[in-house]
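J.: build me a structure from this.
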Amino acid sequence: MTKLSRIAMFSLAAFTAVSAAEAAPKTEVSTEPPLSKAVREKLERLPYYGVFDILQYQVKDDATVELSGFAFRDSLKKEAEDAVSRVPGVKQVVNRIEDLPWGVQDDEIRAKVYLTIYRDTGLSRYGTPTDQALANGIGYGGRFSPFGVPGIGNPFFPGFNPTGDYGIHILVTNSEVILMGDVDSVGDKNLAAIKARGVFPVKKVFNELTVKGRKPEVPEPQARPTRRGVVAVAE
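T.: Below is the predicted model of the structure:
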């Protein structure tokens, strides 16, 4: 099922994030502009867009599309730009997607936070059928896993990035975690953050999950990690 989430970005521009959220009922009339819908669908169909990435976009009045977000897999940034540039009606693509760094400790955190959240019986529904099966104790595949979880390959191998439709995206840099996506309730939002904070060696968790049907909360300004290790202050 094609899904969409709207993420609150605390900056001067409003971006739409491509993530996992419940699709609108078929009887509901969509108010999404056609060009915005075409861009969203093109990004959703990228084959290697996964749980450790977040892709955002803004369609401007002159048909320029500005891409932002974070990409864990090296080629995703270019793949997103190429895909959007082929959307009929798009005049120009400005690519501001940041590449997330690889590192032994950050990769360990990615793997552990992913497994902690998506092996929870209550939160696994925000993942793929594989996650839901494993959360319910059903074996799914037999690849080696250092965590003893069938169906998950070695998460410390560069490029480990479970692809698919995810409601909770896990962004990691410099041992700090940003949770982004769209969940059903405040309880799920808080539970995901609690799960992430309980993972060692996570230093800090920034919970930017939004709750469906609720106006995003604007937190107090706080420093947020960036790829280069220089913090950005959310406004």
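J.: domains for this protein, by residue range?
T.: Following automatic domain parsing, one finds the domains of the chain at 16-99, 104-233.
J.: alpha carbons only: can I get the helix or strand that contains residue 179 in CSV?
T.: Assigned by DSSP states H and E, residue 179 belongs to strand 176-183. Backbone C-alpha positions of strand 176-183 (Å, rounded to 0.1, in the frame of the first residue of the first chain) are rendered in CSV as follows:
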residue,chain,number,x,y,z
GLU,A,176,22.7,10.5,18.2
VAL,A,177,19.3,9.4,16.8
ILE,A,178,16.5,11.3,15.1
LEU,A,179,13.2,9.5,14.8
MET,A,180,11.0,10.8,12.0
GLY,A,181,7.8,9.5,10.6
ASP,A,182,4.1,9.3,11.3
VAL,A,183,2.5,7.1,14.0
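J.: okay, now the sheet partners of that strand, with direction.
T.: strand 168-173 (antiparallel), strand 204-211 (parallel) (DSSP bridges).
J.: and the domains of the chain as TSV, adding mean pLDDT and mean neighbour count?
T.: Quick note: C-beta positions are derived from backbone N, CA and C, even for glycine. Listed next are these as TSV, based on pLDDT from 0 to 100; neighbours: other C-beta atoms under 10 Å:
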stretch	mean pLDDT	mean neighbour count
domain 16-99	87	17
domain 104-233	77	17
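J.: could I get the CA-only coordinates of the longest helix along the chain as PDB?
T.: The helix that spans the most residues within the chain, counting by DSSP state H, is helix 104-118. C-alpha atoms of helix 104-118 as PDB (Å, rounded to 0.1, in the frame of the first residue of the first chain):
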ATOM      1  CA  VAL A 104      31.200   1.100  13.200                       C
ATOM      2  CA  GLN A 105      29.500   2.700  16.200                       C
ATOM      3  CA  ASP A 106      26.800   4.500  14.200                       C
ATOM      4  CA  ASP A 107      26.100   1.300  12.200                       C
ATOM      5  CA  GLU A 108      25.800  -0.600  15.500                       C
ATOM      6  CA  ILE A 109      23.300   1.900  16.800                       C
ATOM      7  CA  ARG A 110      21.300   1.700  13.500                       C
ATOM      8  CA  ALA A 111      21.000  -2.000  13.800                       C
ATOM      9  CA  LYS A 112      20.200  -2.100  17.500                       C
ATOM     10  CA  VAL A 113      17.600   0.700  17.400                       C
ATOM     11  CA  TYR A 114      16.000  -0.900  14.300                       C
ATOM     12  CA  LEU A 115      15.700  -4.300  15.900                       C
ATOM     13  CA  THR A 116      14.500  -2.900  19.200                       C
ATOM     14  CA  ILE A 117      11.700  -0.900  17.600                       C
ATOM     15  CA  TYR A 118      10.600  -3.200  14.900                       C
END
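J.: on contacts alone, who are the packing partners of it?
T.: Where contact means 3 or more C-beta pairs under 8 Å, 6 or more residues apart in numbering; DSSP states H and E, helix 104-118 is packed against helix 129-135, strand 168-173, helix 186-197.
J.: alright, calling it a day.
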